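Here is my input, please return the structure:
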Amino acid sequence: MSVIYLLISISIVVAIAFLYAFIRAVKSGQYDDDYTPSVRMLFDDELRKETNKNQIKITEEKQL
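Residues are numbered from 1 along each chain as shown. Below you'll find the predicted structure:
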């Protein structure tokens, strides 16, 4: 029975250590996404071109 208490206490210590490491990594900015904003600017132009074409089509139909 004493082995169970030992294993539970060790697992709690390990869990607290992992929680501390995770919180420290988040605060230091390790999980910040630096890649997506640089790629997003490449795809924004394509979305704007499609909306501009749709707007031109709509205005051409109104003129007819």
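
For the rest of this, base every contact and every neighbour count on C-alpha atoms.
Will do.

what about the helix or strand containing Leu42, average pLDDT?
Following DSSP states H and E, one finds Leu42 within helix 35-63. Throughout helix 35-63, pLDDT has a mean value of 63.

And for stretch 11-20?
Rounded mean pLDDT across stretch 11-20 is 98.

in that stretch, what's buried?
Neighbour counts over stretch 11-20 (16 or more other CA atoms under 10 Å) mark no residue as buried.

From here on, call the first residue 27.
All set: I'll call the first residue 27, so the last point we hit is now stretch 37-46.

Alpha carbons only: can I get that stretch in CSV?
Presented in CSV, the C-alpha positions along stretch 37-46 are these (Å, rounded to 0.1, in the frame of the first residue of the first chain):
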residue,chain,number,x,y,z
SER,A,37,3.1,11.5,-10.3
ILE,A,38,1.8,14.7,-8.7
VAL,A,39,5.3,16.2,-8.6
VAL,A,40,5.9,15.3,-12.2
ALA,A,41,2.5,16.8,-13.2
ILE,A,42,3.3,20.0,-11.4
ALA,A,43,6.7,20.2,-13.1
PHE,A,44,5.1,19.8,-16.5
LEU,A,45,2.5,22.4,-15.7
TYR,A,46,5.3,24.8,-14.6
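
Pull the residues that contact that stretch.
Outside stretch 37-46, no residue is within contact range by CA atoms under 8 Å, 6 or more residues apart in numbering.

Next, count neighbours for Phe48.
14 (other CA atoms under 10 Å).

try the one 3 residues further on
One way to gauge burial is a neighbour count; for Ala51, by other CA under 10 Å, it gives 12.

ok, it - contacts?
Taking CA under 8 Å, 6+ apart, one finds Tyr57 in contact with Ala51.

Would you mind measuring from it to Phe69?
Counting by CA to CA, to the nearest Å, the separation of Ala51 from Phe69 is 30 Å.

ok, Ile42 to Ser54 distance?
18 Å.
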